[in-house]
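Student: make a model of this:
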Amino acid sequence: MAANGVQLVFAPVLAAHNTMQSGADRAQKEQAHLYLEQFQKSEEAWTATLAMLESNSVDAAAKLFAATTLKGKIVYDLHQVPRESLPNLRDSIMRNLATFHAGPKPIRLQLCVCLANLAIQMTEWKDVLSLIVSTLGSNPSTLPCVLDFLRVLPEEVTHGRKINLTESELTIRTCELIEENAQQALALLIQYAQSSPAAAQNPQLLNCITSWMREIPLDDIINSPLLKVIVDALSASEPFDAAVECMCTLIAETKDVDETMQTILSLYPQVIALRPKIAEAAQEEDAEKYRGIAKVFAEAGESWVLLIARLPTEFRDLVEAVLETAALDKERDAISHTFKFWYDLKQYLTLEKYNQARLQCMDVYAKLVDIMIGHLQYPIPESGDEKDLFEGDRELEEKFREFRHQMGDVLKDCCEVMGVAECLKKPYDLIQAWVQTFGVQAVANHVPQWQRLEAPLFAVRAMGRMVPPDENTMLPRLIPLIVAIPDHNKVRFQAVMALGRYTEWTAQHPETLQPQLDFIMSAFKHSTKDVIRAAALSFKFFCNDCASLLVGFTVQLQQFYATHLDALPISSQEEITEGVASVLARVPVEQVYPILKMYCDPVMQSLVNIASQAKEEPELKLLADKINLLTVFFELVKPQVGPGQEHPVVKYCQEIFPVLAGIISHFKDSIPILERVCRCWRYMILSYRTAMQPLLPELANKLTAGFETSRQGCFLWATASIVREFSQGVDEVDPSLANSVFQFYEQQARTFLRVLNDLPPEQLPDLIEDFFRLAADMVLYAPSESIMSPLMDTVLLAACSSLTLLKEEPIIATLHFLRDLLGYGRNSSPSSSFDNSRHEVPEHIQVRVKQLVVVAGVQLVQRIMTGMMYSFPEGCFADASGVLLDLFELMPDQVSVWVQNTVTMLPAGSITPQESERFLNNIRQRIQTGDIRMIRTILQDFTTSYRRRNVAPREGLGRLEASRFRFSG
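Tutor: Numbering: from 1, shown residues only. Predicted coordinates:
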């Protein structure tokens, strides 16, 4: 009967858990998940979890759930257990640990974590380690429990911030549990290691040593039998992974080389003695062993890199060992471990202080270049199918592509150590050797051993960023070689991309421009899409960097542009447009209008043709993409026009404005088209600024009408650009124009507020983000008008409503707006203007901000604290606590009352009265001492702790749920 009674306690839990594990439908699983989530926070969970662990009728998966739940209860809800009952709880956990001594391991480990977290909080338990060892250590069968506990104890204490102890309590308990037990833990580990040969090779032992490494003095470990245990385990298969981790942790603890020199001198011979294992693992094709040994050498290299720079001769063996791990890694599995070492060593060797070491390492880096270029080679497929080099293994192909770029970074490091001429000579020699050996055999569609040609071309491309424009040794020989390479799709792709990396050099060597440009432009007719894309990208770089050399060829470039534009994918269309626009940007101002018209009119004509028949999604997307090409011109072509002169680009903008306005009206339901037109208009404003004044009335009308019709945020981005460029105080903007701009903003704001009244915020995240970015601009550029406006009361309430969202970007935009607004409540405006007169905030504005806070403050504090405790993404915490700090700095006593009201509304049982009182007292003390800024830390700690403990669902917060926003304007 008693057993049945116990089963009744957890029967619903077991049923819900079984539902989660079964093939039940989604609705049933969601219901079961909700039940389990509520169960985990309930007081009944204490009894039920222990009953489940002790029951014979519960399966292992459910018992693991019970152990995990018990851990959460101990970490977050220990206040639910009377203090005098804690010894019974401890004994129950230890009894269950003994039961699960043979496994399953996950349950045993969770119970050890339970015990460790109980030990941290049960401060009256002083003999923690002694009791565990005496209870569980006397029987060999329960020794795994002791080892698991020893392993998790330092980890749990280190992460003790989630425990509900004060900083001082946690510091004292850390000392009691770790520092005072370190020597006992060391003695236990040595005793166990020497108990039998099997014990010395137990991965659990090595995991324990790793866990205590930061707590026990390093020399005590080095001078104990444990060092031999670690080293010997690197020669055995079962403990190998644990031994690698242990050795790497031991080495990493010696990074402060001046403090740990003696330890390093003891460790160094042990590490170097592992070097023969590199060749062994490579010969045996034992990838796991190879990775592990490579990781040890890489860790040693990174940790002792300063010593290598200081004592290159003494530490030469280590550098050569790392080089060997890179050289013999046929599968490229372990080479990535070495990348950081080569970078770190380069950082030291390129300092004048370590020039002697650099000279001694030159040969190592020279070999490293050869090794990297060798690894860059594409594989030769056994099947002989050139179209599938990785024989269907897409994961391997992706990994190879990623590694190539990382290896390219290592080649850049080599350039810095050896010098670019020496580095470039290596791929040059390889290309030259290929030409001499295979050049005559190469014909169309057949390039023998192309992998040996493509890899050095990739290396040349990778080194491009390091080569200065005045390099005159290797590039004059390399460039003619590259433009003459045979046509193979992968080789041609790499050659085209490589030339695109040296366009700054070409600008300084105009005699090489023509053959390179011919090579690039001919690639636009290639049969392979990748080559054409590469050609478009390189063409852009040539135009960007050699614009002054090409400015006399605008007609020929336009013919090329018009010929190839429509045949290219859209990303490539944008790239070549950016290229020709860069050249147009160098044209003399009197020639800008006719040349811009020559380039843009065909694009406009194409755009009009597409618009006349666009109905389906692909055609609408094509139209949007074409509009974007115009934007590229307006973004880049920004001629300097003198006062009183007609602006040539604005003249062209006036010509095309009716067409763009017509497109906005006709395609009002196509978001991509609306966004691209608004982006185009925005760049017209940003590039030509007050010169756009003749177009301003029409533009404002279209933005207002467009926003009212479509309710799309893109109209607000464009509005924001006008607000910034035509605000009060800007040159050439008179007060009446600035006032018209403010009225234009208010129209847009009213439309937004009506939308927010009609729809809940969760349906409008992007629009909310765009509006509050605009509102923040208004506060910065027109503070008096926007803050004194009667509309600001409603905008502030809209901000409160918007903080119920779960998406990071709109929340951050809203919080930034609030921080800017609240800044005007003090005598220090947040304006970024260099005009110091704007930094003094008039008294009436300060008073107005405080009035706004008095009206909306209760709701604002509730929303922000609720967001920090329940719903805000992590990236919002800094700004959210910043808004609360701003509120406290404005009116500390009032805000502390609002915070107290919010805390009293938290769900029952989610926080103890003692925690609440401690939190509120801390705030009061800071207000009394005038240390307001510390309140931010207090708020962050409290909300973080609350959130950890109450992993509550996003809804069901009772009285803290937000009310719907209402606006009748």
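Student: and the residue most central in space within the chain, helix, strand or coil?
Tutor: With distances taken as Cα atoms, centre = their mean, residue 875 lies nearest the centre of the chain, 11.1 Å away. State at residue 875, reduced to three classes by DSSP: H, G, I helix; E, B strand; the rest coil: helix.
Student: what distance do you get for it to residue 950?
Tutor: 21 Å (Cβ to Cβ, to the nearest Å). Backbone N, C-alpha and C define where each C-beta goes, glycine included.
Student: now the helices for the stretch 751-900 of the chain?
Tutor: Assigned by DSSP state H, counting those that start in this stretch, the helices in the stretch 751-900 of the chain fall at 765-781, 783-788, 791-802, 808-823, 843-866, 877-890, 892-904.
Student: hmm, the residue nearest to the centre of the chain is touching residue 807, no?
Tutor: No. Contact criterion Cβ atoms under 8 Å: residue 875 and residue 807 do not qualify, at 10.6 Å.
Student: what is the neighbour count of the closest residue to the residue nearest to the centre of the chain other than its chain neighbours?
Tutor: If the residues on either side of it in the chain are set aside, residue 875 comes closest to residue 808, at 5.0 Å by Cβ to Cβ, 6 or more residues apart in numbering. Counted with other Cβ atoms under 10 Å, the neighbours of residue 808 add up to 15.
Student: repeat for residue 930
Tutor: Around residue 930 there are 8 residues (other Cβ under 10 Å).
Student: then the one 10 residues further on?
Tutor: The local packing count at residue 940 equals 17, with neighbours defined by other Cβ under 10 Å.
Student: list the contacts of stretch 107-116.
Tutor: 53, 60, 63-64, 67-68, 70-71, 74, 90, 93-94, 96-97, 100-101, 132, 144-145, 148-149, 151-153, 156-157 (Cβ atoms under 8 Å, 6 or more residues apart in numbering).
Student: quick one, which of these are buried?
Tutor: Buried members of the contacts of stretch 107-116, scored by 16 or more other Cβ atoms under 10 Å, are 53, 63-64, 67-68, 70-71, 74, 90, 93-94, 96-97, 100-101, 132, 144-145, 148-149, 151-153, 156-157.
Student: out of the residues you listed, which are inside helices?
Tutor: Those of the buried ones among the contacts of stretch 107-116 mapping onto helices are 53, 63-64, 67-68, 70-71, 74, 90, 93-94, 96-97, 132, 144-145, 148-149, 151-153, 156-157, per DSSP state H.
Student: turn the helices of the stretch 751-900 of the chain into a markdown table, including mean pLDDT and distance to residue 139.
Tutor: Output for these, formatted as a markdown table (pLDDT from 0 to 100; distance: least, Cβ to Cβ, whole Å):
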| stretch | mean pLDDT | distance to residue 139 |
| --- | --- | --- |
| helix 765-781 | 94 | 59 |
| helix 783-788 | 92 | 74 |
| helix 791-802 | 96 | 61 |
| helix 808-823 | 95 | 53 |
| helix 843-866 | 94 | 51 |
| helix 877-890 | 94 | 48 |
| helix 892-904 | 94 | 49 |
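Student: could you dump the ones you listed to a markdown table with distance to residue 290?
Tutor: Shown next, in a markdown table, are the helices of the stretch 751-900 of the chain (distance: least, Cβ to Cβ, whole Å):
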| stretch | distance to residue 290 |
| --- | --- |
| helix 765-781 | 49 |
| helix 783-788 | 64 |
| helix 791-802 | 54 |
| helix 808-823 | 42 |
| helix 843-866 | 53 |
| helix 877-890 | 43 |
| helix 892-904 | 57 |
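Student: what's around residue 36, how many residues?
Tutor: Neighbour tally, residue 36, other Cβ under 10 Å: 18.
Student: ok, residue 495 next?
Tutor: 31.
Student: so which elements touch the host helix or strand of it?
Tutor: Taking DSSP states H and E as the definition, residue 495 sits inside helix 489-500. Secondary-structure packing of helix 489-500 (3 or more Cβ pairs under 8 Å, 6 or more residues apart in numbering; DSSP states H and E): helix 451-463, helix 475-482, helix 513-522, helix 529-545.
Student: among those helices, which is the most enclosed?
Tutor: The highest mean neighbour count among the helices and strands packed on helix 489-500, using mean count of other Cβ atoms under 10 Å, belongs to helix 451-463: a mean of 24.
Student: may I have it exported as PDB, CA atoms only?
Tutor: Written as PDB, here are the backbone C-alpha positions of helix 451-463 (Å, rounded to 0.1, in the frame of the first residue of the first chain):
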ATOM      1  CA  GLN A 451      45.700  20.600 -59.000                       C
ATOM      2  CA  ARG A 452      49.400  21.400 -58.900                       C
ATOM      3  CA  LEU A 453      48.700  24.700 -60.800                       C
ATOM      4  CA  GLU A 454      45.600  25.800 -59.000                       C
ATOM      5  CA  ALA A 455      47.000  25.500 -55.400                       C
ATOM      6  CA  PRO A 456      49.900  28.000 -55.900                       C
ATOM      7  CA  LEU A 457      47.400  30.300 -57.600                       C
ATOM      8  CA  PHE A 458      45.200  30.100 -54.500                       C
ATOM      9  CA  ALA A 459      48.400  30.900 -52.400                       C
ATOM     10  CA  VAL A 460      49.100  34.000 -54.600                       C
ATOM     11  CA  ARG A 461      45.500  35.100 -54.000                       C
ATOM     12  CA  ALA A 462      45.700  34.500 -50.300                       C
ATOM     13  CA  MET A 463      48.900  36.500 -49.900                       C
END
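Student: so which other helices or strands are in contact with it?
Tutor: helix 355-376, helix 394-418, helix 420-438, helix 475-482, helix 489-500.
Student: where among these is the average confidence lowest?
Tutor: Sorting these by mean pLDDT places helix 394-418 lowest, at a mean of 90.
Student: can you tell me what sits against that helix?
Tutor: Applying Cβ under 8 Å, 6+ apart, the set of residues contacting helix 394-418 is 332, 335-336, 339, 342-343, 346, 349-350, 358, 361-362, 365-366, 368-369, 372-373, 375-376, 378-379, 389-390, 423, 458-459, 461-463, 465-467.
Student: for stretch 584-601, same thing?
Tutor: Taking Cβ under 8 Å, 6+ apart as the rule, stretch 584-601 contacts 547-548, 551, 554-555, 558, 561, 580, 630, 633, 636-641, 648-649, 651-652, 656.
Student: which of those residues fall in strands?
Tutor: Among the contacts of stretch 584-601, the subset assigned to strands under DSSP state E is empty.
Student: buried subset of the residues you listed, written for PyMOL?
Tutor: Listed next is the PyMOL selection for buried residues among the contacts of stretch 584-601, using 16+ other Cβ under 10 Å:
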select buried, resi 547+551+554+558+561+580+630+633+636+637+638+639+641+648+649+652+656
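Student: cross the contacts of stretch 584-601 against helices and list the overlap.
Tutor: In helices, judged by DSSP H, the following of these are found: 547-548, 554-555, 558, 561, 580, 630, 633, 636, 648-649, 651-652, 656.
Student: now the two most distant members of those.
Tutor: Of all pairs drawn from the ones in helices among the contacts of stretch 584-601, the one with the longest distance (Cβ to Cβ) is 548 and 656, at 28.2 Å.
Student: quick check: mean pLDDT of stretch 209-227?
Tutor: 94.
Student: for whatever helix or strand comes next after the helix holding residue 495, buried residues please.
Tutor: Using DSSP H and E, the helix or strand that follows helix 489-500 in sequence is helix 503-508. Across helix 503-508, burial judged by 16+ other Cβ under 10 Å covers 503, 504, 505, 506, 507.
Student: check which helices and strands the helix or strand containing residue 204 sits against.
Tutor: Taking DSSP H and E as the criterion, residue 204 maps to helix 203-212. Counting contacts by 3+ Cβ pairs under 8 Å, 6+ apart, helix 203-212 packs against helix 143-158, helix 182-193, helix 226-233, helix 240-252.
Student: closest one to residue 823 among the ones you listed?
Tutor: Of the helices and strands packed on helix 203-212, nearest to residue 823 by Cβ to Cβ is helix 143-158, at 38.9 Å.
Student: could you check the angle that closest one makes with helix 203-212?
Tutor: 20 degrees (axes from the mean of the first three to the mean of the last three Cα atoms, to 10 degrees).
Student: any idea which helix or strand comes after helix 143-158?
Tutor: helix 167-177.
Student: cool, thanks, talk later.
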